[in-house]
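Novice: Below are the sequence and a predicted model; questions follow.
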Amino acid sequence: MSVWLAALYTYGCPELSKKEEKKIFKFVKNPKRGKEAVKILAKLEPWIWYQVIGKKNKSFFLSQKVIEAYWLGSEDLDLEFRGEDLEFLLAARGQEPARLACAFKGQMMEKKGSFLLHHNLTETILLTKTSLFEREEFVNTCLIRSGEIISVKKDYFLVETFWLSEKVKKREEEIKNLFGVEAREGEFVTFHFGIARQKVPFRAHQRILKITEQILKI
């Protein structure tokens, strides 16, 4: 289930080849041949962050709770880090997928205070505020976002969600229901690259919003 969750949120990643993306899609729809999915996922940056979270919380890095924490936040695991907490990443410098992770660590070492480690922060920390605003559409597509379902159609949901700009704003969006998420009006779903991933409780939606708001403060 944990590898399945990693594959679910990774599908659509621009770093996947078309062949790899097709394999990840098949695995999400029919969770078999997990070893093949693991080989693909191990080449991507989130693999490093699972290890970072697992190390701090003394948990197996491919456990359900660790992978869920990276993508959705957590009420149980400690996700509060400082730049110096990532010192051990230096040993992996120059190795993919650790290259961007090391660059992230360098950025955080220069900043004061702590931060909540999450996919949305790792995706944006290397951007300046100017480049963030210049690439709003692309950046928001890459973020894990969530929203309340306003209406349900055959192949998509209309949701009220948040949008990262000079501040976090509300807006409505249509998102594809490629994976057959079962949810009704008034319920909340997460989405990534314009595709619905899971139905989540309201507290998870609030947690993702809070984590995303920290981007503008760091």
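Specialist: Great, that's in hand.
Novice: Glu182 - how many residues pack around it?
Specialist: 9 (other CB atoms under 10 Å). From N, CA and C alone the C-beta is placed, and that goes for glycine too.
Novice: Scan the helices and strands of the chain for the one with the lowest mean pLDDT.
Specialist: Taking mean pLDDT, DSSP states H and E as the measure, the helix or strand of the chain with the lowest value is helix 98-109, at a mean of 56.
Novice: Could you point out the helix or strand that follows that one?
Specialist: Later in the chain than helix 98-109, the nearest helix or strand by DSSP states H and E is strand 115-116.
Novice: Extract the C-alpha set from the helix or strand just after that next one and format it as CSV.
Specialist: The element immediately downstream of strand 115-116 (helix or strand, assigned by DSSP H and E) is helix 119-124. C-alpha atoms of helix 119-124 as CSV (Å, rounded to 0.1, in the frame of the first residue of the first chain):
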residue,chain,number,x,y,z
HIS,A,119,6.5,18.1,-1.2
ASN,A,120,5.2,21.6,-1.8
LEU,A,121,8.2,23.1,-0.1
THR,A,122,10.8,21.0,-1.8
GLU,A,123,9.2,21.9,-5.2
THR,A,124,9.5,25.6,-4.7
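Novice: For helix 119-124, what is the distance to the chain centroid?
Specialist: Averaging C-alpha positions (CA atoms, centre = their mean, to the nearest Å) puts helix 119-124 7 Å from its chain's average.
Novice: need the contact list for the residue nearest to Asn57 when sequence neighbours are not counted.
Specialist: Leaving aside its chain neighbours, Asn57 sits nearest to Leu77 (4.8 Å; criterion: CB to CB, 6 or more residues apart in numbering). With contacts defined as CB atoms under 8 Å, 6 or more residues apart in numbering, Leu77 is in contact with Ile53, Asn57, Ser59, Lys65, Val66, Ala69.
Novice: how about Leu77, secondary structure?
Specialist: coil (DSSP: H, G, I helix; E, B strand; the rest coil).
Novice: for this structure, what spans make up the strands?
Specialist: Secondary structure of the chain (DSSP state E): strands at 80-81, 115-116, 145-152, 156-164, 168-176, 188-192, 195-200.
Novice: out of the ones you listed, deepest packed?
Specialist: strand 188-192 (a mean of 23; mean count of other CB atoms under 10 Å).
Novice: Hey, what's the angle from that one to strand 145-152? Just curious.
Specialist: For strand 188-192 against strand 145-152, the angle by axes from the mean of the first three to the mean of the last three CA atoms, to 10 degrees is 120 degrees.
Novice: Tabulate the CA atom coordinates of strand 188-192 in CSV.
Specialist: Output in CSV follows, covering the C-alpha atoms of strand 188-192 (Å, rounded to 0.1, in the frame of the first residue of the first chain):
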residue,chain,number,x,y,z
PHE,A,188,-12.4,16.9,-0.2
VAL,A,189,-9.9,15.5,-2.7
THR,A,190,-6.2,16.0,-3.3
PHE,A,191,-4.9,16.5,-6.8
HIS,A,192,-1.5,16.8,-8.6
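Novice: tell me what that strand is packed against?
Specialist: strand 145-152, strand 156-164, strand 195-200, helix 202-213 (3 or more CB pairs under 8 Å, 6 or more residues apart in numbering; DSSP states H and E).
Novice: Out of these, which gets nearest to Phe27?
Specialist: Closest to Phe27 of the helices and strands packed on strand 188-192 is strand 195-200 (CB to CB; 14.2 Å).
Novice: Tell me what angle the closest one forms with strand 156-164.
Specialist: Using the same axes, to 10 degrees: strand 195-200 against strand 156-164 is 90 degrees.
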